[in-house]
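> any chance you can model this:
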Amino acid sequence: MIVFRDFLNLQFRISAAMKKLLFLFSFFAITLLSLAQEDWVIAKDRNGIKVYTRTPQGSKIKAFKAETMINASIPELLAALNNIAARKEWMYAIKKAVQVGETHSTAERYVYAELSIPWPFSNRDLVIHEKIIHKDKAVDVIMKLHTGLVAKKKGLVRMPVAQGGWFFSEVGNGYTRVRYEFFGDPGGKIPVWIINLFIVDGPYTTLLNLKDRVEK
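This is a model prediction of the structure:
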């Protein structure tokens, strides 16, 4: 009985030690991950629009976050975003955008888009899954790359990485805070420094055009 009791005590001590090790490992893993993820750095602040960039872990291409206040309601902003064919009129570099495929909910959709890329590089295209999440006085539109629905097209380079979102939150007096985030890899052989040149002006132009479109 003494031997059995000692064996149980030993198992208990080993189990407790393992839990401590797992906790410490998780703590340090999270800490290292947070340190590896750069903080947002402001790159442009003009006309009430702020654009931030950072370099995600394992990538040389920058991600962006653009923020502004727009004198329009969330439904008005969603109406502009939901008019997919008209996105080319105000979203930077969008040459064409159409809804594709079918979904079982009005809160999600698939969008195919072609992006204009300056010569001598080929235009890019992609299929994005958009999920609309309604919250209290806020709406998120989460965007993730989808690899199906539209076959690859000759003369276009299919983007291998794309994710981001639109985030609308009501602030009162008819204004909505708008945040637009995106990270994408255009694929192909475009030098990283050229890609990063458009990371700031792209979202800035998009929000400037959106403000002009909905505040009329």
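> give me the beta-bridge partners of the residue sitting nearest the centre point of the chain?
By Cα atoms, centre = their mean, the mean C-alpha position of the chain lies nearest to residue 164, the distance being 1.1 Å. Beta-bridge pairing for residue 164 (DSSP bridges): residue 143, residue 182.
> quick one, what contacts it?
143, 180-184 (Cβ atoms under 8 Å, 6 or more residues apart in numbering). Yep, even glycine has a C-beta here, placed from its N, CA and C like the rest.
> most neighbours out of those, which is it?
Most neighbours among these, by other Cβ atoms under 10 Å: residue 180, with 24 neighbours.
> ramachandran angles for that residue?
phi -130, psi 120 (degrees, to the nearest 10).
> roughly how far does it sit from residue 90?
Distance, residue 180 to residue 90, using Cβ to Cβ, to the nearest Å: 12 Å.
> over to residue 136?
Taking Cβ to Cβ, one finds residue 136 at 28 Å from residue 90.
> now residue 62
On the measure of Cβ to Cβ, residue 62 and residue 90 end up 22 Å apart.
> cool, residue 206 as well?
The value you get for residue 206 to residue 90, if Cβ to Cβ is used, is 7 Å.
> tell me the pLDDT at residue 138?
Listed pLDDT for residue 138 reads 98.
> if you could redo that for residue 102, that was the one I meant.
91.
> repeat for residue 107
95.
> go on, residue 132?
So residue 132 comes in at 98 (pLDDT).
> helix, strand, or coil at the residue nearest to residue 160 when sequence neighbours are not counted?
Nearest non-adjacent residue to residue 160, counting by Cβ to Cβ, 6 or more residues apart in numbering: residue 187, 4.8 Å away. Secondary structure for residue 187, judged by DSSP: H, G, I helix; E, B strand; the rest coil, is coil.
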